[in-house]
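In: take a look and give me a structure for this.
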Amino acid sequence: MARGAYVVLGGGHAEELGIMQDNLGAILLLCMILMSLSLISMVIFACGDDEG
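Out: Predicted coordinates for the structure are as follows:
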């Protein structure tokens, strides 16, 4: 686990970089999901302003 994190963060040898390329799509998907959830919640909180 720590070895995989080390490779994803940019360490490791050239032959181990295949692990990073395999996980790159999943990391990108996770970031896109988090970004869309934050934008949706920001819009909901902005439109749900109480006037009173």
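In: how far away is residue 22 from residue 37?
Out: 25 Å (CB to CB, to the nearest Å). The C-beta positions use only the backbone N, C-alpha and C, and glycine is treated the same way.
In: tally of neighbours for residue 23?
Out: The local packing count at residue 23 equals 15, with neighbours defined by other CB atoms under 10 Å.
In: element containing it?
Out: Residue 23 is part of helix 17-47 when elements are defined by DSSP states H and E.
In: by contact count, what packs against that helix?
Out: The elements that helix 17-47 packs onto, with contact taken as 3 or more CB pairs under 8 Å, 6 or more residues apart in numbering; DSSP states H and E, are helix 2-8.
In: quick one: residue 48 from residue 28, how far?
Out: 30 Å.
In: name the residue in these two with the higher neighbour count.
Out: More crowded of residue 48 and residue 28, by other CB under 10 Å: residue 28, with 10 against 7.
In: state the distance from that one to residue 35.
Out: When residue 28 is compared with residue 35 (using CB to CB), they lie 10 Å apart.
In: do residue 26 as well
Out: With the distance defined as CB to CB, residue 26 ends up 15 Å from residue 35.
In: for residue 45, same thing?
Out: In this view, residue 45 and residue 35 are 16 Å apart by CB to CB.
In: same check, this time on residue 42
Out: In terms of CB to CB, residue 42 sits 11 Å off from residue 35.
In: any low-confidence regions in the chain?
Out: Applying pLDDT under 70 to the chain flags the ranges 1-21, 50-52.
In: count of neighbours near residue 22?
Out: 11.
In: please give me every residue in contact with residue 33.
Out: Listed by CB atoms under 8 Å, 6 or more residues apart in numbering, residue 33 has no contact partners.
In: list the contacts of residue 43.
Out: If you count contacts by CB under 8 Å, 6+ apart, then residue 43 has nothing around it.
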